[in-house]
Structures are given as C-alpha cells and as structure tokens.
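>>> Okay, predicted coordinates and the sequence, questions at the end:
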Amino acid sequence: TWKRLAEPVVVNAADGMLSLALEGMRLRGIAVSAKPDAPATYYAQANVEVSGGSDGWAVGMATRLQADDQYYVLNVNSQGLWRFLLHQADGDHIIRDWTPHPALVPDKSEFRLGILAHGVGYDFFYDGQLFGRLSDSTLSAEGGFGLAVDTQGSPTSQTTALFDDLVITIPTLINNQPLIPSQVVTGRPNEMVQELQRRNLIPGGGEMALT
C-alpha cells in the first residue's frame, strides 16, 4: 500500500501498477511505501511511463524519507536532464542542479529508472546505464522510499506517471555487512580499458579488443 506525502497529488494503485497525477505550478507529489523503512543499502528500480503538459514533465524517486518530511529526491525530466536535491523544513537544497547526460533521452516517455542507496552514497540508473553518483550525509542512512512527480513553471503544468514492475532489493549480508559487487563504470572505450588494466582484470599494454 502507498500513502501520499503531498496533498495535491492523486495516487491510484491497480493491477500491480501505481499512478501519480499532479497539476499546478512547481509542485511535487510523492507516494510513500507503507512498508517498513528501507535499509541503509538497497537498490530500487521501476519501469516508468510518463506524460506532461506543453512545458514538459519531471519524475523520480525519493529516498531516506524521515518522519518530519525530510528526504532526498532524484528527478529526470522531459529535456533529458537530471537533478538530486535534499528537502528539509525550510525548503529544497540543491545537491546537483539540472544536468544533462548522454544516457538520458529527451522526450522519451517510457524508460527504466533506478537508484542504489549505499550508506551516504547514491548511484542513479536510466535503462540500466549509470548516469550519476553523489554522496551526502545530511540525513540518516535509513528511511522510507517513495515515487515522485514534479510539475514545471506554468500555471497549467501537469505530470502524470505510471510506475510498474517496482523492485527493491538488498545485498547479501556477510557478518551483518552488505556485500556490494565490484562496479566498473562504462564510458569511452579507452577509459574503460584503463580502468580494467588498473584493476588487473586485463593485461596492460599491447593491442587489444574489448567487447
């Protein structure tokens, strides 16, 4: 079950899917999972189908939700930009303002969005590609999880998002500590080869082909 964090947002759950609809200028609506707080380390992923008005849309995920309505929120928008911010009693505090990334496709209305929360670190994924990595220790490393929609600056702005196939997974625990798999950030081929060489996963020097 889900509950809405902001009054204007309309939340409907049916057939295993969750829809959020919001209308108005520069508003945010969050649907919060009624399940117990997410642990310090977890990965959340959902398929998203989103639409908006003539000024576009913004959709995302909220993490580390506290009882006093403090939280972090990741947004991606119709322009192919992303941001990450901290919300507290005095308003939003930008950790990373709207930023482009080659993985984010402007005006793409269907995609898969994911967030990996690991203590005070946060990794963001779009259709399986890592597009951002940040850290912030302001809030507790535990808290609730939510799905979010934001509207733009027009008085007639609106965003409607349908979330499906939401999964939240936690890593295997060894001695009560999470086991996080090694990660290799894909990017330009030369940079990726250098990273694999640095980790001694492939031999250094000479000519090689990487598939």
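Received it, and whenever you're ready, just let me know what you need. Residues are numbered from 1 along each chain as shown.

>>> ok, I30 touching P8?
No - contact status for I30 versus P8: not in contact, 11.1 Å apart, counting by Cβ atoms under 8 Å. (C-beta placed from N, C-alpha, C; glycine too.)

>>> quick one, which of these two is more surrounded?
Regarding I30 and P8, a neighbour count based on other Cβ atoms under 10 Å identifies I30 as having more, with 28 against 13.

>>> helices or strands next to the one helix or strand that one maps to in the packing?
With secondary structure defined by DSSP states H and E, I30 is part of strand 28-33. Contacts defined by 3 or more Cβ pairs under 8 Å, 6 or more residues apart in numbering; DSSP states H and E place strand 28-33 against strand 2-4, strand 10-14, strand 17-23, strand 58-65, strand 71-77, strand 144-150.

>>> now do 6 Å
With contacts defined as 3 or more Cβ pairs under 6 Å, 6 or more residues apart in numbering; DSSP states H and E, the packing partners of strand 28-33 are strand 2-4, strand 17-23, strand 144-150.

>>> Where among the ones you listed is average confidence lowest?
Of all the helices and strands packed on strand 28-33, the minimum mean pLDDT falls on strand 2-4 (a mean of 80).

>>> Flag the helix or strand of the protein with the lowest per-element mean pLDDT.
The weakest-scoring helix or strand in the chain, judged by mean pLDDT, DSSP states H and E, is strand 177-178 (a mean of 62).

>>> Please, where are all the helices along the chain?
With DSSP state H as the criterion, the chain has helices at 189-198.

>>> show me where pLDDT drops low in this structure?
1, 6-7, 36, 172-174, 176-187, 199, 205-211 (pLDDT under 70).

>>> For the residue lying closest to P155 once chain neighbours are set aside, the count of nearby residues, please.
Once flanking residues are discounted, P155 sits nearest to M25: 5.0 Å by Cβ to Cβ, 6 or more residues apart in numbering. Residues within reach of M25, counting by other Cβ under 10 Å, total 12.

>>> how long is stretch 138-151 end to end?
Terminal residues of stretch 138-151 are spaced 26 Å apart (Cα to Cα, to the nearest Å).

>>> going forward, begin numbering at 36 instead of 1
In the new count, where the first residue is 36, that last one comes out as stretch 173-186.

>>> So for it, what gets flagged as buried?
The neighbour-count check on stretch 173-186 (16 or more other Cβ atoms under 10 Å) flags L174, E177, G178, G179, F180, G181, L182, A183, V184, D185, T186 as buried.
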